[in-house]
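Chemist: Okay, predicted coordinates and the sequence, questions at the end:
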Amino acid sequence: MTIRTQAEDGVALVTLDRPERHNAIDLDTAAELAATWRAFRFDDTVRAAVVTGAGGRAFCTGLDRFADVPQPPSPYCIDDPLLHIGPKANDLWKPVIAAIDGMACGGAFYLLGEADFLIASENSTFFDPHTTYGMVSAYESVFMAQRMPLGEVARMALMGTAERLGAARAYAIGLVSELTAPGEAAEVALRRAAVLAAQPTEPVQGTVRALWAAKEAARAHALAHAPQLIALGNLPPERQAGLFAARTRDGGQEGGRDGGPLVR
């Protein structure tokens with residue numbers, strides 16, 4: 001099992017439990033996440049949830065690069081296992097808070113994009129490595145454009161691994177609603193979720209649904225373009241692998257004055 005769940009007093013804690021892989025999501029993890037959200041739909045003892053990552057170094061670093069996901073040879077079809085890892089994709093309208101400690105990047109945005117609000121520790125960073133590795137940031141950029149100013153999304157997506165969005169900046173632009181001391185994001189998120197779980201269930205779920213309806217049409221239209229953009233813009237897999245291998249040999253260092261990525 002790569003997902004741990006525990007529930008108490010109406011609040012479920014969902015933990016991505018692959019710290020040795022920075023909680024990257026493989027096919028088993030993706031399936032477990034989808035099954036977890038679907039199960040919560042029928043569990044009246046769960047009235048709110050928190051999703052976080054184990055280990056303290058990363059919330060999630062997206063799709064595991066070693067997860068083999070064969071793609072159909074058509075620009076109109078993309079088999080993306082991350083499209084179904086979020087609560088809203090599984091028709092769950094109970095409130096979900098994301099608690100971020102450390103890195104959140106790339107495919108992590110599928111989860112962050114479907115959380116109702118984000119709580120992050122002061123050492124958290126957000127970045128999107130797609131362009132650096134020869135890939136289009138399509139779904140990720142659409143999800144983040146629903147949560148933060150367009151210019152900030154553009155900068156993060158286009159700068160790739162050269163720059164990271166720091167927790168303070170994420171809070172200033174409204175991506176994150178609350179900052180905590182390092183290691184305390186999940187604890188604070190559980191306290192906030194307990195407040196949500198204490199409210200009458202039906203009005204809370206109705207409010208969540210209304211909030212998401214406000215942006216749903218625009219998001220659906222934008223996501224519909226993603227498969228073709230990915231098919232047209234991604235480099236061939238072997239060239240992506242070469243870029244990834246080169247970056248790994250270099251230690252992933254790029255951007256800031258100290259040789260590492262610039263954090264703003």
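Modeler: All right, it came through fine.

Chemist: where does the protein dip in pLDDT?
Modeler: 70-72, 75-77, 248-260 (pLDDT under 70).

Chemist: Please enumerate the strands of it.
Modeler: In the chain, the strands defined using DSSP state E lie at 3-8, 11-16, 48-53, 58-60, 96-100, 103-105, 117-121, 125-127, 163-166, 178-180, 262-263.

Chemist: Need the ones you listed in TSV (columns: mean neighbour count and distance to V208).
Modeler: Quick note: C-beta positions are derived from backbone N, CA and C, even for glycine. Converted to TSV, the strands of the chain look like this (neighbours: other CB atoms under 10 Å; distance: least, CB to CB, whole Å):
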stretch	mean neighbour count	distance to V208
strand 3-8	14	18
strand 11-16	23	15
strand 48-53	28	10
strand 58-60	29	21
strand 96-100	28	9
strand 103-105	25	22
strand 117-121	24	11
strand 125-127	25	23
strand 163-166	22	26
strand 178-180	18	18
strand 262-263	15	32
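
Chemist: any idea how far T52 is from E187?
Modeler: To E187, T52 is 10 Å away according to CB to CB, to the nearest Å.

Chemist: same question but for A89, I mixed them up
Modeler: A89 is 27 Å from E187, by CB to CB.

Chemist: who's more crowded, these two?
Modeler: Counting neighbours by other CB atoms under 10 Å for A89 and for E187 shows that A89 has the greater number, 17 against 14.

Chemist: Quick check: bridge partners of C105?
Modeler: F127 (DSSP bridges).

Chemist: these two touch, right, it and P129?
Modeler: Yes: judged on CB atoms under 8 Å, C105 makes contact with P129 at a distance of 6.1 Å.

Chemist: Which parts of the stretch 51-200 of the chain are helices?
Modeler: Using DSSP state H, counting those that start in this stretch, the helices of the stretch 51-200 of the chain run over residues 108-112, 139-145, 150-159, 167-172, 185-198.

Chemist: Could you say which of the ones you listed is packed most deeply?
Modeler: helix 108-112 (a mean of 27; mean count of other CB atoms under 10 Å).

Chemist: quick one: that one to chain centroid distance?
Modeler: 2 Å (CA atoms, centre = their mean, to the nearest Å).

Chemist: Output that helix as CSV, restricted to C-alpha atoms.
Modeler: Provided in CSV are the C-alpha atoms of helix 108-112 (Å, rounded to 0.1, in the frame of the first residue of the first chain):
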residue,chain,number,x,y,z
ALA,A,108,1.3,17.3,-7.5
PHE,A,109,-0.8,20.1,-8.9
TYR,A,110,-3.5,17.6,-9.9
LEU,A,111,-4.1,17.1,-6.2
LEU,A,112,-3.6,20.7,-5.1
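
Chemist: So which residues lie in contact with it, not counting its own?
Modeler: 33, 51, 59-62, 82-83, 85-86, 98, 100, 104, 118, 128, 139-140, 143-144, 147 (CB atoms under 8 Å, 6 or more residues apart in numbering).

Chemist: And stretch 43-53, by the same measure?
Modeler: 7, 10-16, 19, 22-23, 40, 59-60, 87, 94-102, 111, 115, 185-186, 189-190, 193-194, 196-197, 201, 204.

Chemist: re earlier: rebuild the strands of the chain as a markdown table, extending it with distance to L229.
Modeler: Compiled in a markdown table, those are given as follows (distance: least, CB to CB, whole Å):
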| stretch | distance to L229 |
| --- | --- |
| strand 3-8 | 30 |
| strand 11-16 | 27 |
| strand 48-53 | 27 |
| strand 58-60 | 23 |
| strand 96-100 | 26 |
| strand 103-105 | 20 |
| strand 117-121 | 26 |
| strand 125-127 | 20 |
| strand 163-166 | 22 |
| strand 178-180 | 34 |
| strand 262-263 | 27 |
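
Chemist: This completes my enquiry, with thanks.
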